[in-house]
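K.L.:
pasted the sequence and its predicted model underneath.
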Amino acid sequence: MKFLVWFFALIVFFSSFFVAFAYNIHQTFLTPEKTKQVLVKVDFYNQIKSVLKKDLFETGNTDSAEVNNATNAIGVSFDQFNFQPKIETLISDFYNGLDHPDKFVLNIDLIDFKNVFLSNISASTDNQSANEISASIPNSWQVDMSQYSASLTGVAFIYHNYNLILIVYGILVLLFFIFCLLINFKYLRLFFWVFIIIGIFILLQLIFWKVVNLSSILAGIESQGRSGVSILVENFVDYFKQENIRLLFWESLYLIGPSLLGVIIVSVIPVKIGNVPLHEVKK
């Protein structure tokens, strides 16, 4: 029986960090609905205006007059074109692509916007300049995600099995608790100390998230999508980093606080309660 207690103690200890990670990314963005909310929260749809402007003039072949004309045209074009449905389609494509991570290419189609933009700029510049500007606008942003198939397989597992992960973890914790009680209620100190240590390690993860540079890790994705994907990745990284730090902080407190209280309560309860009558004594 003691072997089972220590076995479940180890299983719960190591699995807790995976469950915390799965919970945090699920609460932060790992659903289509939450991902779309994140884009609104990080103001992506407004920032993409400057992104397209940067891509538009990457060639550096336009003079100041053309720049002014293009700047005016791009403002009018964004008033006429709603980019949000395109991005939300991309989000849906991402979650559908998780089913086949080895054949996963994200594509943002810019042709519709390009046509709107060219129709506006043609009125203020000659055809040759318009064609030159047209050539500088990408028809799409593409990111080959298949090279990250190993990581995406893990993300897909969490996305598709999130509820199952929580249920299995809950069962493990319950079994750990029950086996502690079956041996001796004093073994509950082990139960609570395991979660105190887990809480301390989760708290230490805050240091990791404060110093890690995820943008450099994801540079390969950014480089494939030009500045548009770069802005998307950077905003997601910053949002996830801040939200994850917040969740880790409160998770550590929720684990350490009640567990310390549990250790104190179990420690002060006497082992033997011989002076408490369990039945009425007949005189």
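P.N.:
Nice, I can see it. Note that this is a predicted model, so its numbers are computed, not measured. Residues are numbered from 1 along each chain as shown.

K.L.:
CA only for contacts and neighbour counts going forward, please
P.N.:
Will do.

K.L.:
check whether Ala22 really touches Asn161, as I assumed.
P.N.:
No. The criterion here is Cα atoms under 8 Å, and Ala22 misses it with Asn161 at 9.9 Å.

K.L.:
more neighbours, those two?
P.N.:
With other Cα atoms under 10 Å as the criterion, Ala22 and Asn161 differ in neighbour count, and Ala22 comes out ahead with 22 against 13.

K.L.:
and that one, what does it touch?
P.N.:
By Cα atoms under 8 Å, 6 or more residues apart in numbering, Ala22 lies in contact with Ile158, Tyr162.

K.L.:
from Ile245, how far out is it?
P.N.:
Between Ala22 and Ile245 the distance is 14 Å, computed by Cα to Cα, to the nearest Å.

K.L.:
how about the strands in the stretch 1-150 of the chain?
P.N.:
Assigned by DSSP state E, counting those that start in this stretch, the strands in the stretch 1-150 of the chain fall at 105-109, 140-144.

K.L.:
listing partners with orientation, what would you give for the first one?
P.N.:
Applying DSSP bridges, strand 105-109 is found paired with strand 140-144 (antiparallel).

K.L.:
shaky segments in the stretch 1-150 of the chain?
P.N.:
Scanning the stretch 1-150 of the chain for pLDDT under 70 picks out the ranges 48-80, 101-104, 120-138, 141-149.

K.L.:
and if we set it to 80?
P.N.:
Using pLDDT under 80 as the threshold, the predicted model of the stretch 1-150 of the chain has low-confidence ranges 1-2, 39, 42-84, 86-87, 90, 93-94, 96-150.

K.L.:
and the helices in it?
P.N.:
Taking DSSP state H, counting those that start in this stretch to define them, one finds helices in the stretch 1-150 of the chain at 2-28, 32-41, 44-56, 64-80, 84-97, 111-121, 127-136, 149-160.

K.L.:
residues in contact with Tyr95?
P.N.:
Counting by Cα under 8 Å, 6+ apart, Tyr95 makes contact with Pro32.

K.L.:
and Asn46, how many neighbours?
P.N.:
Asn46 has 12 neighbouring residues, counting by other Cα under 10 Å.
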